[in-house]
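Enquirer: Predicted model follows, preceded by the sequence.
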Amino acid sequence: MTPAPARSRRRRLTQVPWLLAVPGLIAVVAFHYAPVTVGGYFAFTDWNGIGGASWIGLDNFRTIFSDPTARGALLHSLELAICFVVAVNAIGLALALALNRAVKTRNFLRLVFFTPVVMSPLAIAFIWRWIFDYGGALNRVLSTVGLDSWKRAWTGDPKTALASILVVMIWQFSGLAMVLFLAGLQGISDDIYEATLVDGASGWLRLRKVVLPLLAPALTVSATLTLITGLRVFDQVLALTDAGPAGASATLATEIYEQTFFELRYGYGAALALILTLLITAIALGQIVVLRRNEQRL
Amino acid sequence: MGLDRYTRGTFLREIALILVAIVYCLPFYLMFAIALESTEQTYRAPLALPSPPQLGNFAEAWHTGGQSGLPPAFVSSAIITVSSVVGLIVLGSLCAYTIARRAGRLSNVVFALVVIGIILPFQLAVIPLFVAMLHLGLVGNYLGFIVLNIGLLMPLTVFLYTGFIRALPRDYEEAARVDGAGIVRIFARVVFPLLRPITATVAVFIGISIWNEFFVARIFLSGSRHETITVALYAFSGENLARWNLLFAGLAITIAPILLFYLFAQRHLIRGFTAGVKG
């Protein structure tokens, strides 16, 4: 189809030159694509920051998978991310559904639940470090209710260090999932909702067959965002456990930091970071594709 | 009609939600309470109300936090946040305007590259960037860190602006174009004012992200004279883990401004976080 001449002249008139986009695009390339490419190259070298880098193939990755600390860091990141995504989205969805209609204080409650999201994760984690401390709030509450045998240094115990990080992350980010779901619920028209009421559908059926499918776009965004947050967790780990005890709560991000900027093993650190990058990119893109397909089917 | 009726069930749901909200706020209560307690009380009865309140904790944290007190860290964070946000708004809106107004495959590809840029984690990029910027003398100073922030957050900024501009009618620009105005002038005089809502969202949302950022700030500014609030707090915690009241006073000082800011700008903040849902 050929456009009418008048229309094509009109289009030329409104054409914006790419030149305006150049500074921004240079920033995107120079601070994302170029360093990710160079970092990806580092991952296959033994570079330590001084002198030259020599190509060592997959050696860094072999070291990572045979080193218990690095393997642990990878495992912990995955565990944290998966538990985090499930818990945060379940809680967020429950809050959003509970707040969605008729509740008089809904705006105020939404404000309250969202507050931790805008705080520095580092500062938040320090508050919780005290709550989990041996002399802290949690143990004092346990004493009061007669559960002294449960008392422990939560962040210092290898069995609970990771779980305490998870609790803090869930507390901080459930409000984010809630707000994303609330935005999704706003898109569901009253007509659809009322139609299901007229049909006499039960609450559960209504939720499963009507509300959840329509929330799929919000779920796509929320799951992707929280998964990336979970995989990259750093601040909370440093503030709560310092990746300890003995690496029991190390994550990919803390191990990358430690190996690169303390041990100055740039090549090895880059290999760890490359694993994190591939994980996040693959999962995020895969999630978007799968959920988009589901959205279309519904 | 029947949807918004306030039933007994709604009332019970509301009560339950309020109880959950109170529990949710306990960590904030604890922070402010302990910040006001004497060291002795933090070990004896930390959960009780501070008696008598020790306002001196705040003064001590204010003067001893970080390398030379918290004030320089506040100044650093403010300079870095404001400069980075201004740079991001100027360059990001121009870039997004071009992407949004150019139809065609190239524009789609460029936009896809920008979106992938949001997903790519900093952790890998930061290693070569650190080495390169160290050689250029851009580590440990304002200029380097501001440029770094602008680069790292450009994809997110462009993404937010592009979604908004695509939904913006072209009539005003076209009228200005017919009148013979140049493209830069049209953008500055006609388009940019129309972007005010999204500019506010970007400023608040990106600003908070930069203010709270720790991983990159620690790598690039730790030990320099320009440490940000989060880097100073981390150093402060290392020295004061046995004196929770002092650490919590420091935390309260750094959290309070964000808390106030949030109360005034919540609409923009929430919109920043939810922009992806509708896009």
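Expert: Cool, got the structure.
Enquirer: Geometrically speaking, which residue is the centre of the chain?
Expert: No chain was given, so I picked chain A. Central residue of chain A (CA atoms, centre = their mean): residue A:229, 1.9 Å from the mean position.
Enquirer: not quite, I wanted chain B
Expert: For chain B, the residue nearest the mean C-alpha position is residue B:208 (1.4 Å; CA atoms, centre = their mean).
Enquirer: Would you check that that one makes contact with residue A:119?
Expert: No: applying CB atoms under 8 Å as the test, residue B:208 and residue A:119 come out as separate, 9.1 Å apart. Every residue, glycine included, has its C-beta placed from N, CA and C.
Enquirer: Give me the common contacts of those two.
Expert: Here residue B:208 and residue A:119 have residue B:258 as joint contacts, going by CB atoms under 8 Å, 6 or more residues apart in numbering or on different chains.
Enquirer: residues touching the residue nearest to the centre of chain A, list them.
Expert: The contact partners of residue A:229, by CB under 8 Å, 6+ apart, come to A:84, A:169, A:173.
Enquirer: Let's see that with 7 Å instead.
Expert: For residue A:229, the contacting residues are residue A:173, by CB atoms under 7 Å, 6 or more residues apart in numbering or on different chains.
Enquirer: Over to residue A:275?
Expert: Applying CB under 7 Å, 6+ apart, we find residue A:275 in contact with A:74, A:252.
Enquirer: May I ask which helix or strand encompasses it?
Expert: In the assignment (DSSP states H and E), residue A:275 maps to helix A:266-297.
Enquirer: Could you list the low-pLDDT ranges of the chain?
Expert: Picked chain A for this. Across chain A, residues meeting the criterion (pLDDT under 70) sit at A:1-14, A:189-190, A:193-201, A:291-292, A:294-298.
Enquirer: let's do chain B instead
Expert: Residues of chain B meeting the criterion pLDDT under 70: B:1-4, B:66-67, B:275-279.
Enquirer: what are the ranges of the strands in it?
Expert: Applying DSSP state E to chain B gives no strands.
Enquirer: For it, which segments count as helices?
Expert: Taking DSSP state H as the test, the helices found in chain B are B:8-35, B:39-44, B:56-64, B:70-101, B:105-119, B:122-135, B:142-166, B:171-178, B:183-186, B:192-194, B:196-212, B:215-221, B:229-240, B:244-278.
Enquirer: Mind putting these into JSON lines with distance to residue A:215?
Expert: Below are the helices of chain B laid out as JSON lines (distance: least, CB to CB, whole Å):
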{"stretch": "helix B:8-35", "distance to residue A:215": "19"}
{"stretch": "helix B:39-44", "distance to residue A:215": "44"}
{"stretch": "helix B:56-64", "distance to residue A:215": "44"}
{"stretch": "helix B:70-101", "distance to residue A:215": "28"}
{"stretch": "helix B:105-119", "distance to residue A:215": "22"}
{"stretch": "helix B:122-135", "distance to residue A:215": "30"}
{"stretch": "helix B:142-166", "distance to residue A:215": "20"}
{"stretch": "helix B:171-178", "distance to residue A:215": "35"}
{"stretch": "helix B:183-186", "distance to residue A:215": "40"}
{"stretch": "helix B:192-194", "distance to residue A:215": "31"}
{"stretch": "helix B:196-212", "distance to residue A:215": "23"}
{"stretch": "helix B:215-221", "distance to residue A:215": "32"}
{"stretch": "helix B:229-240", "distance to residue A:215": "34"}
{"stretch": "helix B:244-278", "distance to residue A:215": "10"}
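Enquirer: Dump those helices into JSON lines; add distance to chain A as well.
Expert: Supplementary listing: these in JSON lines, determined by distance: least, CB to the nearest CB, whole Å:
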{"stretch": "helix B:8-35", "distance to chain A": "5"}
{"stretch": "helix B:39-44", "distance to chain A": "6"}
{"stretch": "helix B:56-64", "distance to chain A": "12"}
{"stretch": "helix B:70-101", "distance to chain A": "3"}
{"stretch": "helix B:105-119", "distance to chain A": "4"}
{"stretch": "helix B:122-135", "distance to chain A": "4"}
{"stretch": "helix B:142-166", "distance to chain A": "3"}
{"stretch": "helix B:171-178", "distance to chain A": "6"}
{"stretch": "helix B:183-186", "distance to chain A": "6"}
{"stretch": "helix B:192-194", "distance to chain A": "12"}
{"stretch": "helix B:196-212", "distance to chain A": "4"}
{"stretch": "helix B:215-221", "distance to chain A": "5"}
{"stretch": "helix B:229-240", "distance to chain A": "5"}
{"stretch": "helix B:244-278", "distance to chain A": "4"}
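Enquirer: Nearest to residue A:271, out of the ones you listed?
Expert: Residue A:271 sits nearest to helix B:122-135 of all the helices of chain B, at 9.7 Å, using CB to CB.
Enquirer: correct me, but residue B:62 touches residue B:253?
Expert: Yes: the pair residue B:62 / residue B:253 is scored as a contact, 6.3 Å apart, by CB atoms under 7 Å.
Enquirer: For these two, work out which one has more neighbours and name it.
Expert: The neighbour comparison of residue B:62 against residue B:253 (other CB atoms under 10 Å in any protein chain shown) goes to residue B:253, with 19 against 15.
Enquirer: That one against residue B:70, yeah?
Expert: Yes: with contact defined as CB under 7 Å, residue B:253 counts as touching residue B:70 (6.2 Å).
Enquirer: quick one: common contacting residues for the two?
Expert: Both residue B:253 and residue B:70 are in contact with B:61, B:62, where contact means CB under 7 Å, 6+ apart.
Enquirer: returning to that earlier point: can you list residues touching both of residue B:62 and residue B:253?
Expert: The overlap between the contact sets of residue B:62 and residue B:253 (CB under 7 Å, 6+ apart) consists of residue B:70.
Enquirer: Show me the contact partners of stretch A:35-50.
Expert: A:53-57, A:60, A:264-267, A:270-271, A:273-274, A:277, B:120, B:124-125, B:127-129, B:131.
Enquirer: One more pass at 6 Å, please.
Expert: Outside stretch A:35-50, the residues within contact range by CB atoms under 6 Å, 6 or more residues apart in numbering or on different chains are A:53-56, A:264, A:266-267, A:270-271, A:274, B:120, B:124-125, B:127-129.
Enquirer: which among the residues you listed end up buried?
Expert: Buried by 16 or more other CB atoms under 10 Å in any protein chain shown: A:53, A:56, A:266-267, A:270-271, A:274, B:120, B:124-125, B:127-129, out of the contacts of stretch A:35-50.
Enquirer: Report the two of these separated the most.
Expert: Every pair of the buried ones among the contacts of stretch A:35-50 checked by CB to CB; the farthest is A:56 and B:120, at 24.3 Å.
Enquirer: Give me the neighbour count for residue B:6.
Expert: Per other CB under 10 Å, the neighbour tally for residue B:6 reads 12.
Enquirer: and the closest residue to it other than its chain neighbours, which of the three is it?
Expert: Nearest non-adjacent residue to residue B:6, counting by CB to CB, 6 or more residues apart in numbering or on different chains: residue A:102, 5.6 Å away. Put simply, residue A:102 is coil when judged by DSSP: H, G, I helix; E, B strand; the rest coil.
Enquirer: Residue A:102 against residue B:10, yeah?
Expert: Yes: shown here, residue A:102 and residue B:10 form a contact pair, counting by CB atoms under 6 Å, at 4.6 Å.
Enquirer: For the stretch 51-200 of chain A, which segments count as helices?
Expert: Here the stretch 51-200 of chain A has its helices, by DSSP state H, counting those that start in this stretch, at A:59-66, A:68-100, A:106-114, A:121-132, A:137-144, A:161-186, A:190-198.
Enquirer: could I get those helices as JSON lines with mean neighbour count and distance to residue B:137?
Expert: Shown next, in JSON lines, are these (neighbours: other CB atoms under 10 Å in any protein chain shown; distance: least, CB to CB, whole Å):
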{"stretch": "helix A:59-66", "mean neighbour count": "16", "distance to residue B:137": "29"}
{"stretch": "helix A:68-100", "mean neighbour count": "20", "distance to residue B:137": "33"}
{"stretch": "helix A:106-114", "mean neighbour count": "18", "distance to residue B:137": "41"}
{"stretch": "helix A:121-132", "mean neighbour count": "25", "distance to residue B:137": "28"}
{"stretch": "helix A:137-144", "mean neighbour count": "15", "distance to residue B:137": "46"}
{"stretch": "helix A:161-186", "mean neighbour count": "23", "distance to residue B:137": "37"}
{"stretch": "helix A:190-198", "mean neighbour count": "12", "distance to residue B:137": "60"}
